[in-house]
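[1] Predicted coordinates and the sequence they were generated for:
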Amino acid sequence: MNKHVEICKIVLAYAIFGGLWIYLSDSIVRSLFHDSGTMMQYSTFKGMFFIAVTSILLYGLIVRLSSKIKDSSIALYENEKLLKFLVNNSSDSLVIVNADGRQRYVSPGAEKITGFPVSELEGRSLDTILHPEDMPRIRAAWNEAVEHPEKTVTVQYRHIRKAGGWVYSEAVAQSFFNDASINGLLATVRDITARKQAEEALNRKEALLQAMLRNLPFDFWARDTQERIIMQSDESIKLWGDLVSAPDRDWKFPPQTLDHWKKNNQHVLEGNVVSEDCSLISKNGAEREYHSIVAPIRDGETVLGILGINIDITDRKQAESERKALQSQLVQAQKMEAIGTLAGGIAHDFNNILGAVIGYAEMARDSSPDGSAVAHDLDKVLEAANRAGALVRQILAFSRQADTKRIPIEPVHVVKEAIKLLRPALPSTIVIKEYLDTPTQSIFADPIQIHQIVMNLCTNAFHAMEQTGGILAIALKDCELSEDDLHQHQGGRPGKFVVLSISDTGPGIPASILGKIFDPYFTTKEVGKGTGMGLAIVHGIVTGAGGFVACTSELGKGTDFEVFFPTHAQEVVSVQTPVERVPTGKERILFIDDEDILVEMGKAMLERLGYEVVVCTNSIEALNMFQNEPDRFDAIITDQTMPGMTGLDLARRMLLMRPGLPIILCTGYSNLVDETTARGCGIQGYVMKPIAKKDIASLLRKVLDEKLPLQSREATLSSTGASAK
């Protein structure tokens, strides 16, 4: 309250009352009293009355004025006290800055913000307490406030902290340079460090989220409750395009993809989680396999949206499929390995049996007159036994227990021999037609493997026509192929070939599987009728020989396999058994085998050849016998597989005692020794069972007639001793 205004009001009231009193009282006195004495008396009374009334009036006005002044002073004190309390206890700071940039007034709140006492802040220039990088922004705000005093200006900056570091502050300022009572820039300053840190943390999270969305290796997206896309990873954008910006009506996806999304979204909005493997077609039309996880975004029980992840598992699915196929192949391979091991074991025993059959049959044949019925029958027995021996060698070749030996041959002889074996096994409903009369050039191959090819392909043809019957055609012919002819034969080379053609009139092979027929373990036969290895073996044999296989088939009309063998210019080695003179001798032989029947047969056979034979059925006994008289025997014939000591070990020990001793090692099956290993140990002869008389006679004569020089004998002794250690 302005006290001058109140005083003026009192003076004015007093003047008005005094003027009216003088004017009215004089007029009334004149009208009532005409003599001067009476008028004088009343004038005196009038003056005294005026003084009394005005004194009372003046007192009342002064009392009223004093009361107002007191009330105003109390209110002012309370306001000042409240203002001071607010200023002193505010977390914000009030600052008045002079035109030169120095702080003229700083409220105590500044100490809470900066740690500096007010005394150290007042009078200090702004450029000494604010971050240098923020000064351009502060000067711009200062100029704006000065140019526009009617508006407030907000600016954020960093203020130095007494304890070290910086405080983020926000000032709301207004220019009062035109107000003489302030004459400066008035600013309210607030500490926003916590808010800045929260903003920076939020920005870091936002940046991290954006980085995640850019680098996630799978399709990630989010939808609101209206099923609109609100977030996508870069991988998702690659697959589907930018669906955040594109309206739903512009999504041109295959119905399969859209229906799948809609079904899952509805299910998830009901509060469920969907996890499944599915097939989706992207915007470019590519179909891939995904593992999809779609889950609700929850706030308590309220579903706020949908989160989805699609992980591409196409390669994994393919790998799993391949792994299963490989696992199946491994199981088959293990079965085949077991069969091969079993075949090797059977071959050992079977070769011993065949050895006895062939040996005794040959001795009986030698005792029979030529042209007699007995001789004829024994010839057939020997023919069958030799054929059985060839089959055993095929089994061993299949089980990888026998090495393949390629020689120049005319394939027609092997093919005809295979047909002889095959014909009795075929039903009368299948007719074999042979086109083998035209001579062909020679090829370089293993006769046993050629035999195996014919048997495998003809067996497949038989299975194809087993129910309906038909014609099995087998042909051999020469041909020459150019580069143009080979465009359909992958891996083939131009040149001259002998072509083995085996065709049937069965149901044919569907085109969908024609490209898989040579894959290992691929078979369309029912369980028990095929392992899926036949054509794979054929393919491996032919490509190993430098050739290739072609297959054509038509549903309902049959299948034709053509096997192309490169021709060979060397002299043909006959696969027929030549008639040779059986050599004889008179030397003393030690014959060792754990089979009594083979020992008996071997002794009789060798004695008929003129040799003096000592037999033994135990390798350890044979070693003791030899140790007692190492010079008694001219040659040793020993079996490999025997209890107590193998033939290889026995030979090593004998050679230590008598280097250069002629030794022949016989085996029907062994995974421990082959011809190379035997010769490396000093053994001069190696033969596979069953053994024909002429073969053992020729080999025995060879090792007996072979005279080793002294240096060779010493080398043999050295290598043999080293092997035995």
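    Thanks, I have the structure now. From a predicted model like this one, the values you see are computed outputs, not experimental measurements.
[2] Now do the residue nearest the centre of the chain against residue 323, distance only.
    Centroid check for the chain by C-alpha atoms, centre = their mean gives residue 316 as the closest residue, at 6.3 Å. Distance, residue 316 to residue 323, by C-beta to C-beta, to the nearest Å: 10 Å. Every residue, glycine included, has its C-beta placed from N, CA and C.
[3] and what of residue 621?
    For residue 621, the distance to residue 323 - C-beta to C-beta - is 55 Å.
[4] can you check residue 539 too?
    Taking C-beta to C-beta, one finds residue 539 at 24 Å from residue 323.
[5] tell me the mean pLDDT over the helix or strand harbouring the residue nearest to the centre of the chain?
    Using DSSP states H and E, residue 316 sits within helix 314-366. Average pLDDT, helix 314-366: 74.
[6] and what of stretch 64-73?
    72.
[7] Could you shift the numbering so residue one becomes 390, and keep it that way?
    Sure, I'll start counting at 390 from here, so that last one is stretch 453-462.
[8] what's the distance between that stretch and the middle of its chain?
    From the chain centre to the centre of stretch 453-462 is a distance of 93 Å (C-alpha atoms, centre = their mean, to the nearest Å).
[9] Need the CA coordinates for it. PDB is fine.
    The C-alpha coordinates for stretch 453-462 follow below in PDB (Å, rounded to 0.1, in the frame of the first residue of the first chain):
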ATOM      1  CA  ARG A 453      -7.200   4.200   9.900                       C
ATOM      2  CA  LEU A 454      -4.100   5.200   8.000                       C
ATOM      3  CA  SER A 455      -1.900   3.800  10.700                       C
ATOM      4  CA  SER A 456      -3.800   0.500  10.700                       C
ATOM      5  CA  LYS A 457      -3.500   0.100   7.000                       C
ATOM      6  CA  ILE A 458       0.200   1.000   7.200                       C
ATOM      7  CA  LYS A 459       0.700  -1.700   9.900                       C
ATOM      8  CA  ASP A 460      -1.300  -4.300   8.000                       C
ATOM      9  CA  SER A 461       0.600  -3.500   4.800                       C
ATOM     10  CA  SER A 462       3.900  -3.800   6.600                       C
END
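[10] buried residues in it?
    residue 454 (16 or more other C-beta atoms under 10 Å).
[11] likewise stretch 1073-1081?
    1073, 1074, 1075, 1076, 1077, 1078, 1079, 1080, 1081.
[12] Just the pLDDT at the first one, thanks.
    By that I understand residue 1073. The model's pLDDT for residue 1073 equals 91.
[13] And the nearest residue to it once chain neighbours are set aside, how far from residue 980?
    Of all residues not flanking residue 1073 in the chain, residue 1092 sits nearest, at 4.4 Å (C-beta to C-beta, 6 or more residues apart in numbering). Using C-beta to C-beta, residue 1092 is found at 14 Å from residue 980.
[14] got it, and residue 852?
    With C-beta to C-beta as the criterion, residue 852 and residue 980 are 46 Å apart.
[15] Can you pick out the residue with more neighbours from the two?
    residue 980 (26 against 17; other C-beta atoms under 10 Å).
[16] tell me the pLDDT at residue 415?
    Looking at residue 415, the pLDDT reads 67.
[17] What's opposite residue 678 in the beta bridge?
    residue 668 (DSSP bridges).
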